[in-house]
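**Q** Structure for the following, please:
(4 chains)
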Number of protein chains: 2
Amino acid sequence: MAVTISDVAKAAGVSPSTVSRALTRPERVDAETRTRIFEQIERLGYQVNRAARGLVTGRTSNLAVIVSDLANPFFPDIVKGVQIRAQRRNLTTLLADSGENPEAELDLVSSLAPQVDGIILCGSRMSDEQLVKARQLATLLLVNRSAVGFPAVTVDNVDGMHQAVRHLRALRHRRIGYVGGPDSSRSHHDRLAGARRAAAHNRMELVELGNVDPSFSGGAAAAHAVLLAEVSAVLTYNDVIAIGLMHRLVGFGVRVPDEISVVGFDDIPLCEMTYPPLTTVRFPRREAGEAAVDQLMRALNGAEPEQDAAPLPTELVVRGSTTRLHVTTQGVLS
Amino acid sequence: MAVTISDVAKAAGVSPSTVSRALTRPERVDAETRTRIFEQIERLGYQVNRAARGLVTGRTSNLAVIVSDLANPFFPDIVKGVQIRAQRRNLTTLLADSGENPEAELDLVSSLAPQVDGIILCGSRMSDEQLVKARQLATLLLVNRSAVGFPAVTVDNVDGMHQAVRHLRALRHRRIGYVGGPDSSRSHHDRLAGARRAAAHNRMELVELGNVDPSFSGGAAAAHAVLLAEVSAVLTYNDVIAIGLMHRLVGFGVRVPDEISVVGFDDIPLCEMTYPPLTTVRFPRREAGEAAVDQLMRALNGAEPEQDAAPLPTELVVRGSTTRLHVTTQGVLS
DNA sequence: GACTTGCCGGCAATCGATTGCAAGCTTGAC
DNA sequence: GTCAAGCTTGCAATCGATTGCCGGCAAGTC
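**A** As a prediction, this is how the structure comes out:
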């Protein structure tokens, strides 16, 4: 069987309590005894039994991440960020997939709650009421979603859009479109607001092209609206929409970026694999994952959610789907 | 605090042992008592404390999945399959990412081992020796990798390639290429063998175009070899390579599929999003994930790995990256 | 030299389940 | 009517840690 704390105690010539103390409050045990204990721990390959520890402390040293869809390329980097930080803190990560279903998400929270110290909700689809219920079950932390009174990790969507618009402005575009995401999404509204403000600020015309499902087919479906709007460039709610849109535009024989420039949001790995590669705004996913663990731990230690951390910075990534506008209508050729 | 087994016992007017028995061996307790107990469990919302149970039974009811890279679109569906089956069996899933690093993978196994009943290794990068070491730490199950004496879930790579080759044959191709994956990969060898045999069987010429890294850039790097080989169609080790290859070919101005047909393997979600969409062979990932849990449980109950389950079936998915060969060289125009 | 103070470490209770053993009861056979 | 067999249930030990409490000892104070 496995090595227990008593084995170590016997080998080091102390009582089990002392070994336990050496592990959990090292300063409470004499330096010499401590090193003797750690030598034996090393030699015997002792590992704490987390079940036993959890039983008495009430803490599991587990944390859960719930994402809406594992296959969505947006999430892996967030999860990786979480894992990195969690590992450093000696926490184990459980990962669950809600399948975009708010009820399933709430069920997951309730079934995961007893097994974890806290839960990180990535892009939660739950309503505010459901969130409140969920909070009674476990300590929560939201990523890329915010609700009053909940600790959250957010990114600077508004500034990201500013950068994108400025980029298009520099490339001489004047009339641009925005293909929106789900109306229920907070980040959609932030991004739209950012686009509006930046367009106004740069004296550009912004055509709002409605909301679509944040999926490949949603983006494809927006192609008609984009063409009808006669814009020379399009911003989109996210990369997946942008990629679907480009796909359909190319299918129509429209040249990207020569006839229409396209800008995504998020910078998922796919962006480099499309033809042309997609210009986009980077969402700092790994950083968000790491920050999530830190904030969750802070919340577990009783911090107020009021101390909302500043949004994480975003950054424009220029690739091949945007280019300088060739003005031909007025006879000006660039 | 949480509801315990004693609370339920008190409420139902029995001893804690009886409640425990009702939970773990229902047939050992009187039917009437049992229903009384379950009523109280329901009413009080009792949930077993898994730490406490684990402490005495030695089982954690946890299982781990280790993948080489979470961001690889190949894995999510496998993980989903695992989660579905695990949930049904009341198991919790831990997910870890080895970052393609065999040593890190072994470390993960050793740190996860005490917390789980078994570990599912997806496309493990470990050497056979490392696998043997890992086996001493935990009960293992391999997915998409095989090694003698280890229980594994595999798919029918050979037949998949047969289907792909037959497809190209029907489209009149006669001289085709195969861009290989890592030489260390078992499935690469299976797929190559399948391609060879199928080509011979269909009287086609198979040009082996070497091995590349199974990544987007690996695929792109193979473009020159493909062009030099003067083949009219290419099979690839996997979809990611195929997509990288297509990307580069299009960059060279080569029309896909008109000049060269391309076939991938795996059927990752990306295949539908490329232009043209990629013809490929479906790797039944969700099914593999589900089978993995079942087989792992069988292994935990002491089954012999000899009873190797049959490989899961693969299936050709025809999309837009393959087309009928237009024979122009001999003056024959179709 | 007596007494206070504080560090160090052991004892024993505890967390919430499971399970071997045995007692009590019912049932049925002889 | 007695006794064996079998079913149901409770008692108490156990899993492997943590932690409050207390005693022993050394150092420091007056």
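
**Q** Flag every residue of the stretch 51-200 of chain A that's near DNA strand D.
**A** Within the stretch 51-200 of chain A, the positions near DNA strand D by C-beta under 7 Å from any atom of the strand are A:52-53, A:55-57. All C-beta atoms are positioned from the backbone trio N, CA, C, and that covers glycine.

**Q** Just the buried subset of those, please.
**A** A:53, A:55 (16 or more other C-beta atoms under 10 Å in any protein chain shown).

**Q** do stretch A:264-284 and chain B meet?
**A** Yes: judged by C-beta under 8 Å from any C-beta of the partner chain, stretch A:264-284 and chain B are in contact via A:269-270, A:272-275.

**Q** Please narrow the residues you listed to those residing in helices.
**A** When DSSP state H is applied, those are split such that none fall in helices.

**Q** ok, residue A:273 - contacts?
**A** B:216, B:243-244, B:247, B:270 (C-beta atoms under 8 Å, 6 or more residues apart in numbering or on different chains).

**Q** switch the cut-off to 7 Å
**A** Residue A:273 is in contact with B:216, B:243, B:247, counting by C-beta atoms under 7 Å, 6 or more residues apart in numbering or on different chains.

**Q** could you redo those as a markdown table and give each row secondary structure?
**A** Output for the contacts of residue A:273, formatted as a markdown table (DSSP: H, G, I helix; E, B strand; the rest coil):
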| residue | secondary structure |
| --- | --- |
| B:216 | helix |
| B:243 | helix |
| B:247 | helix |
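
**Q** Which one of those is nearest to residue A:319?
**A** Using C-beta to C-beta, residue B:247 comes nearest to residue A:319 of the contacts of residue A:273, at 12.8 Å.

**Q** Kindly indicate which of the contacts of residue A:273 lies nearest DNA strand D.
**A** Among these, residue B:216 lies closest to DNA strand D (C-beta to the nearest atom of the strand), at 45.4 Å.

**Q** re the thing from before, filter the residues of the stretch 51-200 of chain A next to DNA strand D down to the ones close to DNA strand C.
**A** When those are checked against DNA strand C using C-beta under 7 Å from any atom of the strand, the ones in range are A:52, A:55-56.

**Q** Sort out which of the residues of the stretch 51-200 of chain A next to DNA strand D are in strands and list them.
**A** Residues of these located in strands (DSSP state E): none.

**Q** nearest to residue B:94, of the residues of the stretch 51-200 of chain A next to DNA strand D?
**A** Looking across those and measuring by C-beta to C-beta, the closest to residue B:94 is residue A:53, at 17.2 Å.

**Q** From residue B:40, how far off is that closest one?
**A** For residue A:53, the distance to residue B:40 equals 29 Å [C-beta to C-beta, to the nearest Å].

**Q** Return the per-residue confidence for residue A:306.
**A** As summarised for this prediction, residue A:306 has a pLDDT of 60.

**Q** try residue A:302
**A** For residue A:302, the predicted pLDDT is 78.

**Q** quick one on the thing from earlier: return the member of the contacts of residue A:273 nearest to residue B:201.
**A** Closest approach to residue B:201 among these (C-beta to C-beta): residue B:243, at 28.1 Å.

**Q** Near the closest one, how many other residues are there?
**A** Counted with other C-beta atoms under 10 Å in any protein chain shown, residues neighbouring residue B:243 total 29.

**Q** what ranges do the strands span in chain A?
**A** According to DSSP E, the strands that chain A contains are A:62-67, A:92-97, A:118-122, A:139-143, A:152-153, A:175-180, A:205-211, A:233-236, A:261-263, A:280-282, A:315-317.

**Q** Nearest to DNA strand C, out of those?
**A** DNA strand C sits nearest to strand A:62-67 of all those, at 16.0 Å, using C-beta to the nearest atom of the strand.

**Q** What strands line up against that closest one, and which way round?
**A** When pairing is defined by DSSP bridges, strand A:62-67 lines up against strand A:92-97 (parallel), strand A:118-122 (parallel).

**Q** How far off centre is that strand?
**A** On the basis of C-alpha atoms, centre = their mean, to the nearest Å, strand A:62-67 sits 13 Å off its chain's mean C-alpha point.

**Q** ditto for stretch A:118-138
**A** 16 Å.

**Q** Name the nearest residue to residue A:15, sequence neighbours excluded.
**A** Once flanking residues are discounted, residue A:15 sits nearest to residue A:9: 5.7 Å by C-beta to C-beta, 6 or more residues apart in numbering or on different chains.

**Q** And that neighbour, how far from residue A:241?
**A** With C-beta to C-beta as the criterion, residue A:9 and residue A:241 are 60 Å apart.

**Q** which one of those two has more residues nearby?
**A** residue A:241 (29 against 19).

**Q** I'd say that one and residue A:221 touch.
**A** No: under the criterion of C-beta atoms under 7 Å, residue A:241 is not in contact with residue A:221, lying 9.4 Å apart.

**Q** Phi first, then psi, for the nearest residue to residue A:258 once chain neighbours are set aside.
**A** With C-beta to C-beta, 6+ apart as the criterion, residue A:258 has its nearest non-adjacent residue at 6.6 Å, and that residue is residue A:323. Main-chain torsions, residue A:323, degrees, to the nearest 10: phi -150, psi 170.

**Q** Over to residue A:126?
**A** Backbone torsions of residue A:126, given as degrees, to the nearest 10, read phi -70, psi 150.

**Q** Contacts only, for the residue nearest to it when sequence neighbours are not counted.
**A** Spatial nearest neighbour of residue A:126, excluding adjacent residues (C-beta to C-beta, 6+ apart): residue A:102 at 4.7 Å. The neighbours of residue A:102, taking C-beta under 7 Å, 6+ apart as the test, are A:125-127, A:130.

**Q** now swap in residue A:322 and tell me
**A** A:167-168, A:171, A:233, A:257, A:261, A:263, A:279.

**Q** let's see 10 Å
**A** A:164, A:167-168, A:170-171, A:173, A:233-234, A:256-257, A:260-263, A:276, A:278-280, A:316 (C-beta atoms under 10 Å, 6 or more residues apart in numbering or on different chains).

**Q** Name the spans of the stretch 101-250 of chain A whose pLDDT lies under the cut-off.
**A** For the stretch 101-250 of chain A, no stretch has pLDDT under 70.

**Q** closest point of it to DNA strand C, which residue?
**A** residue A:114 (9.1 Å).

**Q** okay, now that residue: neighbour count?
**A** For residue A:114, using other C-beta under 10 Å, the count is 15.

**Q** do the same with residue A:183
**A** When neighbours are counted by other C-beta under 10 Å, residue A:183 registers 10.

**Q** Test my guess that it contacts residue A:211.
**A** Yes: with contact defined as C-beta atoms under 10 Å, residue A:183 counts as touching residue A:211 (5.2 Å).

**Q** Overlap of the contact sets of the two?
**A** Residues touching both residue A:183 and residue A:211 comprise residue A:192, with contact defined as C-beta under 10 Å, 6+ apart.

**Q** list the contacts for residue A:38?
**A** Neighbouring residues of residue A:38 by C-beta under 10 Å, 6+ apart: A:8, A:12, A:19, A:22-23, A:26, A:46.

**Q** Please, a ChimeraX command that selects the buried ones among these?
**A** Applied in ChimeraX, the following selects the buried portion of those according to 16+ other C-beta under 10 Å:
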select /A:8,12,19,22,23,46
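
**Q** Closest to chain B out of the contacts of residue A:38?
**A** residue A:46 (10.6 Å; C-beta to the nearest C-beta).
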